[in-house]
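Trainee: dropping a prediction and its sequence here:
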Amino acid sequence: MKPVPGRIAFLKGLGYLEGELHKLTLVEFDQLYRQEKKNHPYKL
């Protein structure tokens, strides 16, 4: 990937990465939540 000069481009890239990370964490959170619910029904 070629570095793009400019703060806006940097922030756009950061926002994109954040979006991808958010998708990933949502999936992971869902899996963790179900796992925890199975293991500890009294906690949740």
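Mentor: Done, it's in.
Trainee: okay, now residue 28: neighbour count?
Mentor: Neighbourhood size, residue 28 [other Cβ atoms under 10 Å]: 10. Backbone N, C-alpha and C define where each C-beta goes, glycine included.
Trainee: and if you look at residue 13?
Mentor: Counted with other Cβ under 10 Å, residue 13 comes out at 13.
Trainee: where does this structure dip in pLDDT?
Mentor: Confidence mapping of the chain against pLDDT under 70 gives the ranges 1-5, 40-44.
Trainee: now the residue nearest in space to the middle of it: how far from residue 6?
Mentor: In the chain, the C-alpha nearest the mean C-alpha coordinate belongs to residue 22, at 2.3 Å (Cα atoms, centre = their mean). Per Cβ to Cβ, to the nearest Å, residue 22 is found 24 Å from residue 6.
Trainee: distance of the residue nearest to the centre of the chain from residue 28?
Mentor: Going from residue 22 to residue 28 by Cβ to Cβ gives 11 Å.
Trainee: the protein: helices as residue ranges?
Mentor: Under the criterion DSSP state H, the chain contains helices at 7-39.
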